[in-house]
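[1] need coordinates for the below:
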Amino acid sequence: MPSSGSSSPGTVSGTVRNVVLVHGAYADGSSWSEVIERLQGAGLAATAVQNPLTSLADDVAHLVQTIGIESAHIVGASFGGFVAQEFALKYPAMTRKLVLCCTSFGGPNHVAPDRETLIALASTKGLNSEERMRANLLLAFTPEYIRTQTAEVDRVVHLRATNEVPEHVYMSQLQAAVSFNAEARVERITSPTLVLSGDADVIVPLQNSRNLAAKVPGAQLRIIQGGSHTFFIEQAEKFNDIVSEFLG
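    Here you go, the predicted structure:
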């Protein structure tokens, strides 16, 4: 959101750097709750894109235009990273800086997780149940976090379970993820880019971030030790420090 000289709902006084956050598949804006609070505290106005299926490049562009700004920093995680890449390629003048988290350029050189993880993610059994949410979080979070941060895990499970994803939408997300291939195009990204990943990610293995950073011209690669697929929740303070420094 544009800066204003005084505080008002949804804005931060002083100089504001605009940030669009695009979450992953089978998720909603609550994925970024810890991030938004801290980024706003650091003087950054952040808007969470709520629907990863319809919020593709054109939708993000429409959002940026609707809130009255010419450009924004784009932060995308997992499936949201696919959207962020497409946006940066199609709308370079609207992309100030690009942060690609736990994501990939897709295509035949995407490094897939193990077979058990793929089967678990592709299943639609109990899709919106808390049991399914908790089972998926066993993959997205580290075992240590699940064991020690039970209240936070319960909060995330509840938020996900109360924001149902219709089965046809979930399948469309999976199909879009499988068909995504930007490997030959990411060399055309002109925005300063940070590729950020955890070394304990079992959903989008770390090698994907290494491969992506090697393809995007001038990209920085930062690796979070012990970071899972949701390292931006588990290690939110570290994530926000790195991203705020890069965007600043």
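
[2] what's the average pLDDT for stretch 219-238?
    For stretch 219-238, the mean pLDDT works out to 96.

[3] kindly check the end-to-end length of stretch 111-119 for me.
    15 Å (C-alpha to C-alpha, to the nearest Å).

[4] ok, now stretch 83-102?
    Stretch 83-102: ends 13 Å apart by C-alpha to C-alpha.

[5] show me how far that stretch is from its chain's centre.
    With C-alpha atoms, centre = their mean, to the nearest Å as the basis, stretch 83-102 stands 12 Å off its chain's centre.

[6] and that stretch, what's buried?
    83-89, 91, 94-102 (16 or more other C-beta atoms under 10 Å). C-betas here are computed from N, CA, C, even on glycine.

[7] low-confidence regions, the chain specifically.
    1-17, 20, 22-55 (pLDDT under 70).

[8] so what's the residue nearest in space to the middle of it bridging to?
    The centroid of the chain falls nearest to Ala77 when counting by C-alpha atoms, centre = their mean (1.8 Å). Per DSSP bridges, the residues bridged to Ala77 are Cys101.

[9] distance check, it against Glu116.
    Ala77 sits 22 Å away from Glu116, going by C-beta to C-beta, to the nearest Å.

[10] so which of the buried residues of stretch 83-102 are in strands?
    Among these, DSSP state E puts 95-101 in strands.

[11] tell me which stretches of this protein form helices.
    Counting by DSSP state H, the chain has these helices, from start to end: 33-41, 57-66, 79-90, 115-122, 130-140, 143-148, 150-161, 167-179, 207-215, 231-234, 236-247.

[12] how about those, which one is nearest Arg185?
    helix 79-90 (5.8 Å; C-beta to C-beta).

[13] contacts for that closest one, please.
    Identification of contacts with helix 79-90 by C-beta atoms under 8 Å, 6 or more residues apart in numbering yields 21-25, 49, 52, 55-58, 60-61, 74-76, 94-95, 98-106, 173, 176-177, 180, 182, 185-186, 188-191, 193.

[14] ok, stretch 210-226 next?
    100, 103-105, 109, 111, 142, 183, 186-187, 189-190, 192-200, 206, 209, 231, 235, 238-239, 242, 246.

[15] buried subset of those?
    Those of the contacts of stretch 210-226 that meet the buried threshold are 100, 103-105, 142, 183, 186, 189, 192-198, 200, 206, 209, 231, 235, 239, 242, 246, by 16+ other C-beta under 10 Å.

[16] still on that earlier bit, surely the residue nearest to the centre of the chain meets Phe232?
    Yes - using C-beta atoms under 8 Å, Ala77 makes contact with Phe232 at a distance of 6.5 Å.

[17] end-to-end on stretch 225-240?
    End residues of stretch 225-240 are separated by 15 Å (C-alpha to C-alpha).

[18] my bad, stretch 173-190
    End-to-end distance for stretch 173-190: 27 Å, by C-alpha to C-alpha.
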